[in-house]
Structures are given as C-alpha cells and as structure tokens.
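A.B. asks: Quick one, structure for this:
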Amino acid sequence: KPANGREEPLNHVEAERQRREKLNQKFYALRAVVPNVSKMDKASLLGDAISYINELKSKLQSADSEKEEMQSQLEALKKNLSSKAPPPHDQDLKISNHSGDKLIDLEIEVKIIGWDAMIQIQCSKKNHPAAKLMAALKELDLDVHHASVSVVKDLMIQQANVKMGNRFFTQEQLKSALTTKLGDAR
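C.D. replies: Model prediction:
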C-alpha cells in the first residue's frame with residue numbers, strides 16, 4: 001500500500017478500468033438529476049446538463065430581480081403608510097407581474113368549507129363597494145351570515161361568511177363570479 005492509503009492497481013489496464021468505472025458512476029448520477037435527457041450518450045448528457053444549469057441560473061436571476069423589485073415596492077409602501085399626508089386620490093398601488101405593471105384595485109380571496117364560503121375583498125373605498133358586494137352576493141343566491149367592513153385610508157377590507165343556496169360553487173368559480181360582478185360594477 002502506498003502512503004496515501006489507496007490500493008495500488010496491479011497494472012495500467014486495471015487502473016484504466018477502475019477510472020472508467022468511476023467515470024461511468026458519475027455519469028449515471030448526473031443522468032439521474034438532469035431532467036429531459038435527449039439521448040443516452042455521454043456528449044448529449046453533458047450538453048443537456050449544461051443547458052439545464054443555464055436554465056436554472058436564469059430562473060435564479062429572474063427570481064432575485066423579482067425579489068428586489070418587491071422589496072423596493074414594500075419599502076415604498078412602508079414609507080407611504082408611515083407618512084402623515086394621505087396619498088393623492090389618483091394614485092393606485094402597482095403590483096408587478098411577468099406581463100408588466102398592472103393597476104390592482106380589487107383583490108378577492110375565497111375559502112370554501114362544505115356549503116359555506118369565507119370571502120375577503122380588498123379594494124378602493126370609492127363607489128360604495130360594500131353595497132356592490134352585498135348586491136353581488138344576493139344575485140349569486142348566497143345567504144350572508146356575517147359581514148364586516150374595515151377602512152384604512154383609501155383601502156376597504158370586506159369580509160363575509162356566506163352559505164350557498166341552490167347552487168354549489170368551487171373556490172375558483174365563486175372568485176371568478178365575484179370578480180366579474182364587482183369588476184363590472186366599477
């Protein structure tokens with residue numbers, strides 16, 4: 001045994017066989033973690049691994065830039081909320097998504113438990129949104145068991161617990177119906 005603790009191969013042929021075996025084990029491990037391997041040869045596997053790593057890098061960069069953008073928006077919102085002066089009436093909150101900037105003035109959350117639904121809506125307090133919500137719930141044949149309205153500056157938060165009447169809604173169906181009815185009412 002040499003000083004480094006490894007077994008000395010019997011000859012160069014045996015050493016080459018062991019080296020190739022180790023290399024093949026590494027390729028098997030690489031093949032296991034790379035999705036969508038186009039061909040089974042080693043060159044294609046390396047090419048697919050490189051493109052997969054580049055794809056992961058670009059996703060990481062886009063996630064980092066999105067995180068930085070959201071942090072800057074959060075800081076701007078914190079400064080806006082901490083200042084004593086109310087924001088101008090024509091200023092809306094901007095939330096960025098992949099398709100560009102969009103003005104968001106209606107946010108709806110729906111949770112369904114059996115025939116009961118919990119609804120939370122955040123929107124601008126302009127144009128009597130609480131009355132419009134109650135009218136929309138009535139049109140959808142939903143019985144209101146509890147409702148509350150809170151206002152912070154120009155933001156209105158509405159919560160309603162309702163029971164479904166003759167028609168059963170999924171979360172997506174109810175959210176879509178409310179978005180349509182409340183969006184049309186603006």
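A.B. asks: contacts and neighbour counts: CA atoms only from here.
C.D. replies: Noted.
A.B. asks: was I right about Ala130 contacting Val149?
C.D. replies: Yes: assessed by C-alpha atoms under 8 Å, Ala130 is found in contact with Val149 at 7.4 Å.
A.B. asks: who's more crowded, the two?
C.D. replies: Between Ala130 and Val149, Ala130 has the larger neighbour count (other C-alpha atoms under 10 Å), namely 20 against 14.
A.B. asks: So Met70 versus Lys79, what's the distance?
C.D. replies: Plainly put, Met70 is 14 Å away from Lys79 if you go by C-alpha to C-alpha, to the nearest Å.
A.B. asks: remind me which residues of this protein are low pLDDT?
C.D. replies: The chain contains residues with pLDDT under 70 at 1-10, 83-104, 184-186.
A.B. asks: And the strands in it?
C.D. replies: For the chain, applying DSSP state E gives strands covering 94-97, 100-103, 106-113, 116-124, 142-152, 155-164.
A.B. asks: Reformat the ones you listed as CSV; add distance to Asp64.
C.D. replies: CSV is the format used below for the strands of the chain (distance: least, C-alpha to C-alpha, whole Å):
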stretch, distance to Asp64
strand 94-97, 14
strand 100-103, 17
strand 106-113, 25
strand 116-124, 28
strand 142-152, 31
strand 155-164, 29
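A.B. asks: Kindly state which of these is positioned closest to Arg31.
C.D. replies: Checking the strands of the chain against Arg31 by C-alpha to C-alpha gives strand 94-97 as the closest, at 34.4 Å.
A.B. asks: Spit out the contact partners of Leu137.
C.D. replies: By C-alpha atoms under 8 Å, 6 or more residues apart in numbering, the residues touching Leu137 are Asp143, Val144.
A.B. asks: re earlier: more neighbours, Met70 and Lys79?
C.D. replies: Comparing Met70 with Lys79 by other C-alpha under 10 Å, the one with more neighbours is Met70, at 14 against 11.
A.B. asks: Now do the more buried one against Leu77, distance only.
C.D. replies: Separation of Met70 from Leu77 (C-alpha to C-alpha) stands at 10 Å.
A.B. asks: Also His145?
C.D. replies: 34 Å.
A.B. asks: swap in Glu107?
C.D. replies: Distance, Glu107 to Leu77, by C-alpha to C-alpha: 17 Å.
A.B. asks: quick one, helices of this structure?
C.D. replies: For the chain, helices defined by DSSP state H occupy the ranges 12-33, 42-82, 129-139, 171-184.
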